[in-house]
Each structure stands twice: as C-alpha cells, then as structure tokens.
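Trainee: I would like the atomic coordinates for the input below:
(one chain, ligands or ions: 2)
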Amino acid sequence: MDGQAVTITDEVFLVGGPALTAAEDAAIYLISVGETAALIDAGCGRQPDRLLANVAAAGVDAERIKTLLITHCHFDHTGGAAHLRERLGCQVVAHELDARYIEGGDDQVTAATWYGARLPPCPVDRRLAGATETVHLGSRPIEALHIPGHSPGSVAYVMESAGQIVVFAQDVHGPLHPSLLSDHADYQRSLQRLIDLEADILCEGHFGIYRERSEINRFIRSFMT
Ligand SMILES: [Zn+2]
Ligand SMILES: [Zn+2]
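Mentor: Residues are numbered from 1 along each chain as shown. Ligands and ions are numbered 1, 2, ... in the order given. Below is the predicted model of the structure:
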C-alpha cells in the first residue's frame, strides 16, 4: 500500500486524518527524533494499515514508535489506541483525568456514541498529572501541558523542532458539551495558556496546521469569549 505523509518540520509529519487515513479520524502526527519516534493520537482505528503505510512514507520505521501521546480521550483520537499499543508495543501516555475513560471504554465521555461506535478500552501506561510534565523521546524533552476544558484531561504537547516551537493541541476549537464533561471557564483559561506559548507552529486536530504566529493567535482568539 502506498502511503502519504505531510512534512511539517524535518522531524514532524502529518500521517493521519480525513485525507490520509479515514474520514472520521482526527489528525495523527508523527514525531521522529534520532532513534525513537512517537505518534500524537491514534484516530478512530479504522485504517491502521493505511496509517502505518503513511508512517513508512514519512521515512520512519514503525518499529521505532515507542510512545503514543494521547491529547484527550475522544474516540476520533483514541479509537485506534488499543490496536496500536498491541501492534507496535508502544507506551500509551495520557492525562489521569482522561485516562479513566480510555481504560474503561466509556462511550459517552469519549463521544464514541457520536460515531456509532464503541471505544476499545486501552491501558494507559503513563498517567500525566498536574499542570505540566515532561515526556522524553530519547534525550528530547516534550512538555505535556494540561489544558482542560474540551475534556477534563486534555493535553497539549509542546516541542522544539528545527528552532521552532511546535504545539500539538488538537481540539483547540472545542466543542464544549455536557456529555463530554466540558468546562467553559477551564477552556477559556486553557486557550490563554496556548496563546502564552508563543508557538511557531500549531498542529490542530481538525483544522489543519497553522504556521504564522499571527494566524495561530487569530485562530485561538476566535474561540475566546
Ligand atoms: Zn477531535
Ligand atoms: Zn475532542
């Protein structure tokens, strides 16, 4: 199967999403640093072979993927997590406030029911806690920033690549919904934290990749009330 990938920096690629894997998938990003690699989110899990073909198209051996960084529990980001954890033998990382719904296969809080699906429960190997934690890919630090609001345990992952600050914040746009346990005040504070990062590249879950700081700020501020 011929894969496709979008190069974001020489270490960061888009390998999944509606145009690359399956219509309902949120964006799946790949980070490749030295001998190790990581995926950001797992999509719905309906096209795992296509996803791995895209990883190969990015020039990355899937066996190097040791980490799956989950931004939040929603099905369009986690439906494929259990399969990838088994198939790649990778460690799944998520915030403790969302981990319970991923491990429990909670179809309401993960919005799996919105997709007419059930979430395959997936063990979380590393639970993030508190406002910030550092995850290492080899010697490269990646900051995990707790940005609650859209979900209780939403996380943005922040790394420096090619001299630029890259933020994987996924569902910056929301939505907020009671069945997702969303919190409007938390969400507004989290948007401000994202602005304060002064990122050069914002990788969003459904709205694409923003590369200019003015564009990033305009996008984030459009959700601030
Ligand atoms: Zn999403
Ligand atoms: Zn979401």
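
Trainee: does Val135 touch Leu145 like I think?
Mentor: No. Under the criterion of Cβ atoms under 8 Å, Val135 makes no contact with Leu145, lying 11.1 Å away. Placement of C-beta: from N, CA and C, glycine included.

Trainee: next, show the common contact partners of those two.
Mentor: Common contact partners of Val135 and Leu145 (Cβ atoms under 8 Å, 6 or more residues apart in numbering): Tyr157.

Trainee: count of neighbours near Glu212?
Mentor: Counted with other Cβ atoms under 10 Å, residues neighbouring Glu212 total 12.

Trainee: the protein: helices as residue ranges?
Mentor: In the chain, the helices defined using DSSP state H lie at 48-57, 75-78, 81-88, 96-104, 184-196, 213-221.

Trainee: any chance of CSV for those, columns distance to Pro123?
Mentor: Shown next, in CSV, are these (distance: least, Cβ to Cβ, whole Å):
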stretch, distance to Pro123
helix 48-57, 18
helix 75-78, 12
helix 81-88, 7
helix 96-104, 6
helix 184-196, 26
helix 213-221, 33
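
Trainee: nearest to ligand 1, out of the ones you listed?
Mentor: helix 75-78 (4.5 Å; Cβ to the ion).

Trainee: how far off centre is the closest one?
Mentor: Helix 75-78 sits 9 Å away from the centroid of its parent chain (Cα atoms, centre = their mean, to the nearest Å).

Trainee: got it, and stretch 192-210?
Mentor: 12 Å.

Trainee: what does stretch 77-87 give?
Mentor: That offset, for stretch 77-87, works out to 13 Å (Cα atoms, centre = their mean).

Trainee: residue numbering should commence at 314 henceforth.
Mentor: Will do, 314 is the new start, and the previous item becomes stretch 390-400.

Trainee: now do the buried residues in that stretch.
Mentor: Applying a neighbour-count criterion of 16 or more other Cβ atoms under 10 Å, one finds 390-395, 397-398 buried in stretch 390-400.

Trainee: let me see the mean pLDDT of it.
Mentor: Mean pLDDT, stretch 390-400: 98.

Trainee: contact partners of it?
Mentor: By Cβ under 8 Å, 6+ apart, stretch 390-400 touches 339, 352, 354-359, 361, 364, 378, 381, 383-385, 403-405, 415, 423, 425, 428, 430, 432-436, 438, 483-484, 518.

Trainee: restricting to C-alpha, output stretch 531-538 in CSV.
Mentor: Once non-C-alpha atoms are left out, stretch 531-538 reads as follows in CSV (Å, rounded to 0.1, in the frame of the first residue of the first chain):
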residue,chain,number,x,y,z
ARG,A,531,-6.2,34.7,15.5
PHE,A,532,-7.4,31.1,15.4
ILE,A,533,-7.1,30.6,19.2
ARG,A,534,-8.7,34.0,20.0
SER,A,535,-11.7,33.2,17.7
PHE,A,536,-12.8,30.8,20.5
MET,A,537,-12.2,33.2,23.4
THR,A,538,-15.3,34.9,24.9
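
Trainee: now it: average pLDDT?
Mentor: Averaged across stretch 531-538, pLDDT comes to 97.

Trainee: may I see the buried residues of it?
Mentor: 532-533, 536.

Trainee: out of the residues you listed, which comes closest to ligand 2?
Mentor: Phe536 (13.3 Å).

Trainee: if anything else comes up later, I'll come back, but that's it for now.
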